[in-house]
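*Asks:* Build me a model:
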Amino acid sequence: MLNGDFTAVPKTLAGGFVGNRIDPKLFSPGALALVKNVTLGQDPATGIVYYSSPVTRVPLDEGTARIDWQVNQAQRLSVRSFIGRFSRPQGSIPGNIVTAVLGDDGRYWNEALNHTWILSPRMVNSFSAAWIRMDFVSGAQQLDANGNPICLSQFVKISDPISPPLTISTSFSRNFRLTITQSWNFSVEQQFTRDIAIHLAYVGNESYHLLTPVERNPGIYCAVANIFCPVSGARSTFPQFGSITEYNTAGTANYQSLQAGIEKRLRYGLQLQSNFTWSKTFDVTTLGTNVLSSVPNPFDIRFNHGLSDMNVPYTLVTHFVYTTPSLSRHGFLIRQVLGQWQGSGIWQTASGKPFSISGGNGNNRSASQVGRDRADVTGLPNKVHEGSRDNWLQHYYSTAAFRTNALGTFGNSQRNLFNAPWINSWDLGIAKSWHVYESYVLQFRWEAFNAFNHPTFAGPNTDPTSARGGQITSNSSTPRVMQGALKLTF
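*Replies:* Residues are numbered from 1 along each chain as shown. Below you'll find the model as predicted:
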């Protein structure tokens, strides 16, 4: 194929090929020099290369230590330490640059301190502190046929022309740092009866140096063309490049919550636990939702600081198990048909996912080429989730409360201003077991997921200028699913 003959390829090639042949003078000189360091394909029809990776050792060393000190009858102090070392050398095969195995070398430390102090029979003070650090480096060096390190500058001249615009999808800031998270909580528990207890807690945390993608070659808005801005929206900072996405660690996040729970231990056939969380989460960008997209305003990262994409203010989860009386004083038929049925269920209700109101012109009236503008507010009432279901499905929010953001701006509406409709789901089940002789048990189970077939509606159309702005046209829930089972144990 290096001579331009691709006739062994079982399909017609386009883009300069004639009869699956091409003039080898059209090949890049740098590519031809580089291919000499790749094993030629053993399959002439496809050029597939078969090779095995180099053999490497993977040593892992771990050490743990623990100290417990019973200071007195009321106080206990404990210290835990864990240290790990992972060291895998890089592996390369001379003359084949596609076989390198990344080398990894790093350390991991996890240190913890705990102090427990029993102040009274009904009050316990517990203090915990932990320090975790992970430090790893990774890399590999490809080798030529003589075992010498390879650099691409040997094959491609740095001065060679590059067809603009060149897009750089991933780069890292020079001051890239590891994330730091601080957590704290305060809780109170009280038992009222033999089987009922409540739990009340405040939980919070703060994170720093979170991964934040930023567009470093944004489009520049200009109302009138000039030498610095020949076309509004042109990437004039580095005109020979397209998008340049840089990952820095300027992001922060904050979580605050009030958590309350009630627990009824098994008594009189009933066991129940219910937990409620009222929380609020702020961040600059939410990892896992927009990690590949720049913050909306690359000139001001703080513009995107607001309610997180994971902000779910209210969550209630309740589960229970109830077993009916055995009816042991009744006849055999009554006991077997009506006695000791077990019913169980999980009820979950929560706020819907948050969403922002988008701007106009493809969310790019700012001309930044990021495409995540937000709308401007008009000052009129939002009218969120009002009226009957039929009404809010068509008008979940008032589109009159928003307008397309002004040219050259990113919008003045808040991030994640509203939440989608609530989630309301029930999973229910019933079961009964029959003992047949001494070693045989026959069990019947019937379970229903989303038993009441409640829909979980998706968020509405977030474009206030669209004919469907504010309308909900889909749902993200699964329909009711039921299943039955009959099991014989022996």
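
*Asks:* Who are the contact partners of W278?
*Replies:* If you count contacts by CB atoms under 8 Å, 6 or more residues apart in numbering, W278 has them with 257-259, 313-314. Heads up, the C-betas are built off the backbone N, CA and C, glycines and all.

*Asks:* hmm, try it at 10 Å
*Replies:* The contact partners of W278, by CB atoms under 10 Å, 6 or more residues apart in numbering, come to 256-260, 313-316.

*Asks:* Please flag which of those sit within strands.
*Replies:* Among the contacts of W278, the members found in strands (DSSP state E) are 256-260, 314-316.

*Asks:* and the residue nearest to D68 when sequence neighbours are not counted, what element?
*Replies:* Spatially, and ignoring its direct neighbours in sequence, D68 is nearest to S78 (4.9 Å; CB to CB, 6 or more residues apart in numbering). Assigned by DSSP states H and E, S78 belongs to strand 75-88.

*Asks:* Output the contacting helices and strands for that strand.
*Replies:* Counting contacts by 3 or more CB pairs under 10 Å, 6 or more residues apart in numbering; DSSP states H and E, strand 75-88 is packed against strand 60-70, strand 103-120, strand 123-139.

*Asks:* on that earlier part again, the residue nearest to D68 reaches H115, doesn't it?
*Replies:* Yes: counting by CB atoms under 10 Å, S78 touches H115, with 7.9 Å between them.

*Asks:* Pull up the overlap in contacts between these two.
*Replies:* Between them, S78 and H115 share the contacting residues 69, 128, judged by CB under 10 Å, 6+ apart.

*Asks:* Measure how buried the closest residue to I180 other than its chain neighbours is and give me the count.
*Replies:* What sits nearest to I180 in space, not counting adjacent residues and going by CB to CB, 6+ apart, is Y208, at 4.7 Å. Y208 has 15 neighbouring residues, counting by other CB atoms under 10 Å.

*Asks:* any idea which element Y208 lies in?
*Replies:* Going by DSSP H and E, Y208 is part of strand 196-215.

*Asks:* just the helices in this structure please.
*Replies:* Along the chain, counting by DSSP state H, helices occupy 29-35, 332-338, 389-394.

*Asks:* now what about the shortest one, what contacts it?
*Replies:* Here helix 389-394 makes contact (CB under 10 Å, 6+ apart) with 383-387, 421, 455, 457, 460, 468, 470-473.

*Asks:* send the alpha carbons of that helix over as CSV?
*Replies:* The C-alpha trace of helix 389-394 is given here as CSV (Å, rounded to 0.1, in the frame of the first residue of the first chain):
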residue,chain,number,x,y,z
ARG,A,389,-51.7,19.2,34.8
ASP,A,390,-53.1,20.0,31.4
ASN,A,391,-52.2,23.6,31.9
TRP,A,392,-48.6,23.2,33.2
LEU,A,393,-47.8,20.6,30.6
GLN,A,394,-48.5,23.3,28.0
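
*Asks:* in it, what's buried?
*Replies:* Neighbour-count burial for helix 389-394, counted by 16 or more other CB atoms under 10 Å, picks out 392-393.
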